[in-house]
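Trainee: for reference, the sequence and a predicted model appear below.
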Amino acid sequence: MIAEFAFRHPERIALLALQHIALVAVALTVACAIAVPLGIVAARKPRLRTPLLGVLGALYTVPSLALFAILVRVVGLGFWSAVPVLALYAQFILVRAVAAGLLNVPAELTDAATAMGMTPVQRLMRVDVPLALRVFIAGLRSTGVASIALATLAAYAGAGGLGTLIFEGLELRNDAMLAAGALAVAFLALAYDAILRYVERRLPIP
Amino acid sequence: MSATLRFDGVTVRYPGASRNALEEISFTVPAGSLTAVVGPSGCGKSTLLRTVNRMIEVERGTVLLDDRPITESDPVALRRGIGYVIQAIGLFPHMTVAENVAVVPRLLGWEHARIAERIDEVLQLVRLDPRRVRDRRPAQLSGGEQQRVGVARALAAYPRLLLMDEPFGAVDAVVRASLQDEMRAIVHDAGTTTLLVTHDVDEALRLADRIALLRDGRLVQEGTPAELLLHPADDGARALLNADDPVRRLQVLRVRDAVRPDHTTRTLPTIAATASLREGLVQLLNGAPALAVIENGTRIGTIDFEALRAVLVR
């Protein structure tokens, strides 16, 4: 039944999947652009760490559907009302991952880097970032999987994606459509997870 | 090329500490020498080392490199001219051996070809086969090999000064002694002034040309190993150095330290003044009645069992 639906509408599923991927990709890019500096601050300034992670934790507990509803009021229906929600939800895990990765770098290595004459920026780029990468990628993996799942709700905000099949399937009582959407989302999440696992394994850090 | 390092009234205080971590430390590390800073943990020896590359700033006093206060140069530039070897070796695990060795040359903007050449050269200097280790990661090497890479990395950019903080702390006891002897030879070959921090008195006596003894942030005594063993500044120094142990004296003292004037011209087997007393003892045990001591081609006196006993037993 599901297969029948998929065979009858392959181009529709493909289009919605591409929309879904684009939405998550843009949201994660925006999320990283915000989370990396925040994570560096959280790692370097112990006094800011707890309040920062506390605020992000609190935001994480806001129901996502409510957040979508608020953004639709503010931005209107569409792609750009979904991106901020996804980017915001990703912050909690990503900022933690960046901070934990940096704090995990052994003190004697950062000490050696400084004593060898690296400037703070050189140290960050040549020692801290490469050594924090594994923890960061692990955070990107879990937050990406969560974003792929969360992006189904973007259909509610008019941003398209595979959630469209689920919402429509619910409305039309078309179980095949609903299941096809859900399975496609699950497949995307598993594929993303597998790719990032592969990247993690290829990192040159012990 | 090697610098003279001088501490002049160096005083360091950590914020919130009840006493100074270092109090009025003054002594000189001669160019090309290996000086060991020794003392119990918490005596301030690592702090002293870290004032030299400005990882710690002094409160009062001056650290001078070739008579120039180090505060006159930018810390980053200063550090690139000073080799640094730390306890945990501190090799970067995400870089290959070659990349680790190339860190400071790259920071200094050397040309690619010159860096590649220097990597092989300096790996050979620490007795590693460049073809074998160059492209490996530190984790693929043994502890002793990692230690050598650490020294190679510190020497790569021809530093004026080498700082070593407990460099053999991470090496197991079996290879430590031979590695120490080799490192002494390597550092001497390179001719780089070296300041080495250790809590291990044996290590200091074995490696160093001069020893600075620290306790509670104060300099107790500074001198050659023989000077410290023969004339410890106080009972604390005597106990820490185990200065009265005849076997220790036998290992550390030189024939020169036991020589007695001899006005006769009798024919005797000879021994160099720089030879260890141990070698002298072996020759005497092999049946020589006395040995003629030769320094710079001239006979400066003799040693016999009685002369040995006089310096070995207090």
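Mentor: Right, received. Where do you want to start?
Trainee: now do the same contact list for the residue most central in space within chain A.
Mentor: Chain A has A:G144 as the residue nearest its centroid, 3.6 Å off, counting by Cα atoms, centre = their mean. With contact taken as Cβ atoms under 8 Å, 6 or more residues apart in numbering or on different chains, A:G144 is in contact with A:24, A:28, A:192-193, A:196. Bear in mind the C-beta positions are built from the backbone N, C-alpha and C, glycine included.
Trainee: neighbouring contacts of the least confident helix or strand in chain B by mean pLDDT?
Mentor: Taking mean pLDDT, DSSP states H and E as the measure, the helix or strand of chain B with the lowest value is helix B:173-190, at a mean of 82. For helix B:173-190, contacts defined as Cβ under 8 Å, 6+ apart pick out B:34, B:125-127, B:143-144, B:147-148, B:151, B:155, B:162, B:167-168, B:171, B:194, B:203, B:206-207.
Trainee: one step back: separation between the residue nearest to the centre of chain A and chain B?
Mentor: Here A:G144 is placed at a distance of 23 Å from chain B (Cβ to the nearest Cβ, to the nearest Å).
Trainee: any regions of the stretch 151-300 of chain B where pLDDT drops low?
Mentor: Along the stretch 151-300 of chain B, the model assigns pLDDT under 70 to residues B:170.
Trainee: just the strands in it please.
Mentor: Using DSSP state E, counting those that start in this stretch, the strands of the stretch 151-300 of chain B run over B:161-165, B:193-198, B:210-215, B:218-223, B:270-272, B:291-295, B:298-303.
Trainee: how about the last one as PDB, C-alpha atoms only?
Mentor: The C-alpha atoms that make up strand B:298-303 are tabulated as PDB, following Å, rounded to 0.1, in the frame of the first residue of the first chain:
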ATOM      1  CA  THR B 298     100.100  17.700  31.900                       C
ATOM      2  CA  ARG B 299     100.400  15.600  35.100                       C
ATOM      3  CA  ILE B 300      98.600  17.400  37.800                       C
ATOM      4  CA  GLY B 301      98.900  14.800  40.600                       C
ATOM      5  CA  THR B 302      97.900  11.300  41.600                       C
ATOM      6  CA  ILE B 303      95.100   9.400  43.200                       C
END
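Trainee: who in chain B is up against chain A?
Mentor: When proximity is defined as Cβ under 8 Å from any Cβ of the partner chain, chain B approaches chain A at B:53, B:55, B:76-82, B:84, B:86-88, B:90, B:92-94, B:103-104, B:107, B:137, B:139, B:163.
Trainee: follow-up on the earlier one: give the buried subset of the contacts of A:G144 as a PyMOL selection command.
Mentor: Selecting the buried subset of the contacts of A:G144 in PyMOL, with 16 or more other Cβ atoms under 10 Å in any protein chain shown as the burial test, is done by:
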select buried, chain A and resi 24+28+192+196
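Trainee: tell me the two of the contacts of A:G144 that are most distant?
Mentor: A:L28 and A:D193 (13.6 Å; Cβ to Cβ).
Trainee: circling back to that earlier point, list the buried residues of the least confident helix or strand of chain B.
Mentor: Using 16+ other Cβ under 10 Å as the test for burial, helix B:173-190 gives B:175-176, B:179-180, B:182-184, B:186-187, B:190.
Trainee: one more: stretch A:83-99?
Mentor: A:83-99.
Trainee: residues of chain A that sit close to chain B?
Mentor: Checking chain A against chain B by Cβ under 8 Å from any Cβ, the hits are A:106, A:108-109, A:111-119, A:122, A:126-127, A:130-131, A:204-206.
Trainee: about what we covered before: take the buried residues of stretch A:83-99 and keep only those in helices.
Mentor: A:83-99 (DSSP state H).
Trainee: returning to what we had before: buried ones only from the contacts of helix B:173-190, please, as a ChimeraX command.
Mentor: Buried residues among the contacts of helix B:173-190 (16+ other Cβ under 10 Å), as a ChimeraX selection:
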select /B:34,125,126,144,147,148,151,155,162,167,168,171,194,203,206,207
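Trainee: so of the contacts of helix B:173-190, which ones are in helices?
Mentor: Short answer: the contacts of helix B:173-190 in helices (DSSP H) are B:125, B:143-144, B:147-148, B:151, B:155, B:203, B:206-207.
Trainee: the helices in chain A, which residues?
Mentor: Shown for chain A, the helices assigned by DSSP H span residues A:2-8, A:10-44, A:46-60, A:64-75, A:79-104, A:107-115, A:120-123, A:129-150, A:163-171, A:175-202.
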